[in-house]
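Asker: okay, sequence plus prediction incoming.
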Amino acid sequence: MVLLSEPEAKKLLRKAGIAVNDGVLTNSREEAVAAAEKMGLPAVLKIASPDIAHKSDWGGVRLDLKTAAQVGRAYDNILKAAHQHHPKARIDGVSVQKMARPGVEVIIGMYQDAQFGPVLIFGLGGIWVEALKDVAFRVIPISRRDAAKMLREIKGHALLDSFRGQGPVDIASLEEMLLKVSEFVEANPQIQELDLNPVLAYSHGALAVDARIVLKARAAILGRGGLC
């Protein structure tokens, strides 16, 4: 199994037409500060490593950095924590991203089932996917009708509609993202796992702010949205 770094995963997803929160890979404190100021504060910093899966568990992600000084300190602290918790990990650098505006958090994911093959997942995102396990499943490939049904099957679907003064999210954009992920996985059977968590759903559009792709083996991803 080979875990792609987040910048690698997002490059593939972007080519497949899936909206992702872009980032700049930096290799020094000065580069990180310059990138954050250029794209506009507040910023998010994340460790970029093919050997580290759960970045936020040990301090590999720093959110809502409002000043250049905060960005600089976050860069130093992320690398310090990475060397402490993952001393043998390969470090590609630190990804600097613009802090996305809040939205309804959902997850779009995929795993390989021993019997059915690639299976698509949709549910509430962030911490809720683990706490509530409120998800819908479909065998890939899916149809547009499948995508629409997945959104309505979760128990928390009311959060996607008008809820406590919040307007409905852009259902069509979520359906389209599900379809594009299905097509991407179908075209690239070497993908073992895929997680977009969270995807921020807005009244107009949806954005994947974190991405994880695991390959069965290291190889160029071919097909629609691939590198070659």
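Answerer: Here it is on my side, so go on. Not measured: the values here are computed from a predicted model. Numbering: from 1, shown residues only.

Asker: the strands in the chain, which residues?
Answerer: 2-3, 23-26, 43-48, 61-65, 93-98, 104-113, 117-124, 135-139, 191-201, 206-208, 211-215 (DSSP state E).

Asker: rank these by mean pLDDT and give me the bottom one.
Answerer: With a mean of 90, strand 2-3 has the lowest mean pLDDT of these.

Asker: and that strand, what other elements does it pack with?
Answerer: strand 211-215 (3 or more Cβ pairs under 8 Å, 6 or more residues apart in numbering; DSSP states H and E). In short, each C-beta sits where N, CA and C put it, glycine included.

Asker: quick check: angle from the strand it packs on to strand 191-201?
Answerer: 170 degrees (axes from the mean of the first three to the mean of the last three Cα atoms, to 10 degrees).

Asker: now for strand 211-215, which elements pack on it?
Answerer: Short answer (3+ Cβ pairs under 8 Å, 6+ apart): strand 211-215 packs on strand 2-3, helix 6-15, strand 191-201.

Asker: between these, which one is nearest to V119?
Answerer: Of all those, strand 191-201 sits nearest to V119, with 10.5 Å by Cβ to Cβ.

Asker: that closest one pairs with which strands?
Answerer: strand 104-113 (antiparallel), strand 206-208 (antiparallel), strand 211-215 (antiparallel) (DSSP bridges).

Asker: just want the angle from that strand to strand 117-124.
Answerer: 20 degrees.

Asker: could I get the CA-only coordinates of strand 191-201 as PDB?
Answerer: Provided in PDB are the C-alpha atoms of strand 191-201 (Å, rounded to 0.1, in the frame of the first residue of the first chain):
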ATOM      1  CA  ILE A 191      -6.800   3.100  -5.800                       C
ATOM      2  CA  GLN A 192      -7.300   1.100  -2.600                       C
ATOM      3  CA  GLU A 193      -8.800   3.900  -0.400                       C
ATOM      4  CA  LEU A 194      -9.900   7.500  -0.900                       C
ATOM      5  CA  ASP A 195     -11.200  10.000   1.600                       C
ATOM      6  CA  LEU A 196     -12.400  13.600   1.100                       C
ATOM      7  CA  ASN A 197     -13.000  14.700   4.700                       C
ATOM      8  CA  PRO A 198     -14.200  17.200   5.100                       C
ATOM      9  CA  VAL A 199     -16.000  18.400   2.000                       C
ATOM     10  CA  LEU A 200     -17.500  21.800   2.800                       C
ATOM     11  CA  ALA A 201     -20.900  22.100   1.200                       C
END
